[in-house]
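A.B. asks: need coordinates for the below:
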Amino acid sequence: MRIAILLPVLLLVACDGGGSDIVQPEAHAACQSGLPTPMPGSTDGMIHIPGGTMLMGAKPIHAEEGPPTEVTVAAFYIDRTTVTNAQFAAFVEATGYITVAERANSSIVFAGSGRIGQLDDPSQWWRLVEGASWRAPFGPGSTVEGRETYPVVHVGYADALAYAQWLGRDLPTEAEWEFAARGGIDGALYTWGNMPPEDATKRGNIWQGLFPVSDSGADGFAARLAPVGCFPANGFGLYDMAGNAWQWTKDLFVPNLSADAPPSPHEALASTIDPANPDAPRRVIKGGSFLCADNYCYRYRPAARTGAGEGDGASHIGFRTVLRVTEGGSP
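C.D. replies: Alright, predicted model coming up:
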């Protein structure tokens, strides 16, 4: 997994040996607790989304976001929050599952930077750390103890899919994810409407300042993940559909949206291969992360999208699951 391959999606990992989060006291007070332990066949902790039609994508801010395309999605259930460390641990305990990062025994780590050189040179702020995984998000000596309600990260696409299938669920399609993220506000720039981020610092965990030099932490979390559900839910009652951790979707990544018929599986696979890493097809990830700054990402908007290699687990990529509704209206 080469650093140059990961540049477009900012696969960054906070690297401070697991130091404490810099938060405002009220930030933690609002976070979700008492989250359900996952149980196969259950919809506990999920929200029913009625389905409908939306204008997916947008007039591109980044080239891959458009053109806007009308799509219709059927009703489904989706996790209220991203999957947490505690929830993923229950899966691992029940199945003995070993993640991609654990098998590789390494992950990309964000080292920060006190200066700005060329933003197309990610080696300024990344390094590869042996032993980083969902269990040890900052590398050897770190742990998820005390971080049970944080999003599970360092999970690749296969890891997320394995968890979902254990529960009898699936990962959302890109259209399902975006429909859910919009919360019933079709066409809005953000999940909360059109209010600029500087007027909505308590709406999501994003990078506030000049990346990668300084994050002011005005949202309560400076250059760090937050526990799930620390910010207001969207119109459907879903938390963290903007910022905090990127989220895997089921779709192969293609360079743009199309109002025509989707490409065949062969065409989609061919278009999503990174020539520098041909053995790792890319999947769409959505939502942005705590490392998304307006000067170097700006992908915490529902229309935003990018691709990540299937094995690219990192400390700011998580996921949530869906359960689709049958014709009779039941899961």
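A.B. asks: contacts only, for Ser33.
C.D. replies: Contact criterion C-beta atoms under 8 Å, 6 or more residues apart in numbering gives Thr149 as the residues in contact with Ser33. C-beta: built from backbone N, CA, C; applies to glycine.
A.B. asks: please tell me how far it sits from Arg147.
C.D. replies: 13 Å (C-beta to C-beta, to the nearest Å).
A.B. asks: now do Asp121
C.D. replies: Asp121 is 31 Å from Arg147, where distance means C-beta to C-beta.
A.B. asks: who's more crowded, these two?
C.D. replies: Remark: of Asp121 and Arg147, Arg147 carries more neighbours, 18 against 12, as counted by other C-beta atoms under 10 Å.
A.B. asks: what about the helix or strand harbouring Ile108, distance to the chain center?
C.D. replies: Ile108 is part of strand 106-110 when elements are defined by DSSP states H and E. Here strand 106-110 is found 17 Å from its chain centre; the criterion is C-alpha atoms, centre = their mean, to the nearest Å.
A.B. asks: avg pLDDT for it?
C.D. replies: The average pLDDT within strand 106-110 is 79.
A.B. asks: and the next helix or strand after that strand with strand 106-110, angle?
C.D. replies: Following strand 106-110 in sequence order, the next helix or strand is strand 126-130 (DSSP H and E). Taking axes from the mean of the first three to the mean of the last three C-alpha atoms, to 10 degrees, one finds strand 126-130 and strand 106-110 inclined to each other by 140 degrees.
A.B. asks: pull up the pairing partners for strand 126-130, direction included.
C.D. replies: Strand pairing for strand 126-130, using DSSP bridges, gives strand 106-110 (antiparallel).
A.B. asks: Leu323 versus the closest residue to Arg147 other than its chain neighbours, what's the distance?
C.D. replies: Excluding the flanking residues, the one nearest Arg147 by C-beta to C-beta, 6 or more residues apart in numbering is Asn85, at 5.7 Å. In this view, Asn85 and Leu323 are 22 Å apart by C-beta to C-beta.
A.B. asks: show me where the stretch 51-200 of the chain has strands.
C.D. replies: Listed in chain order, the strands found in the stretch 51-200 of the chain under DSSP state E, counting those that start in this stretch are 52-56, 69-73, 76-79, 106-110, 126-130.
A.B. asks: likewise for the stretch 201-331 of the chain?
C.D. replies: Counting by DSSP E, counting those that start in this stretch, the stretch 201-331 of the chain has these strands, from start to end: 246-252, 282-286, 306-309, 317-318, 322-324.
A.B. asks: tell me the most buried of the ones you listed?
C.D. replies: Across the strands of the stretch 201-331 of the chain, averaging neighbours per residue (mean count of other C-beta atoms under 10 Å) puts strand 317-318 on top, at a mean of 30.
A.B. asks: for that one, packing partners?
C.D. replies: Other helices and strands packing on strand 317-318, by 3 or more C-beta pairs under 8 Å, 6 or more residues apart in numbering; DSSP states H and E, are strand 246-252.
A.B. asks: off-centre distance for the strand it packs on?
C.D. replies: What separates the centre of strand 246-252 from the centre of its chain is 8 Å, taken as C-alpha atoms, centre = their mean.
A.B. asks: could you check the angle strand 282-286 makes with it?
C.D. replies: Computed by the same axes, to 10 degrees, the angle between strand 246-252 and strand 282-286 is 140 degrees.
A.B. asks: just list what strand 246-252 packs against, helices and strands only.
C.D. replies: Based on contacts counted as 3+ C-beta pairs under 8 Å, 6+ apart, the elements that strand 246-252 packs against are helix 157-166, helix 174-182, helix 265-272, strand 282-286, strand 317-318.
A.B. asks: for Phe221, which of those is the nearest?
C.D. replies: When the helices and strands packed on strand 246-252 are compared for distance to Phe221 using C-beta to C-beta, the nearest one is strand 317-318, at 14.9 Å.
A.B. asks: pick out the shakiest of the strands of the stretch 201-331 of the chain, pLDDT-wise.
C.D. replies: strand 306-309 has the lowest average pLDDT among the strands of the stretch 201-331 of the chain, namely a mean of 92.
A.B. asks: mind giving me the packing neighbours of that strand?
C.D. replies: Using 3+ C-beta pairs under 8 Å, 6+ apart as the test, strand 306-309 ends up in contact with helix 3-6, strand 282-286.
A.B. asks: check the offset of it from the chain's centre.
C.D. replies: Going by C-alpha atoms, centre = their mean, the spacing between the C-alpha centre of strand 306-309 and its chain's C-alpha centre is 11 Å.
A.B. asks: same question for stretch 46-65.
C.D. replies: Counting by C-alpha atoms, centre = their mean, stretch 46-65 is centred 15 Å from the centre of its parent chain.
A.B. asks: in it, what counts as buried?
C.D. replies: 46-49, 54, 56-58, 62, 64-65 (16 or more other C-beta atoms under 10 Å).
A.B. asks: not counting that stretch itself, show me its contacts.
C.D. replies: With C-beta under 8 Å, 6+ apart as the criterion, stretch 46-65 contacts 66-80, 174-176, 178-180, 182, 186-187, 189, 236-238, 255-257, 298-299, 301, 303-306, 323, 325.
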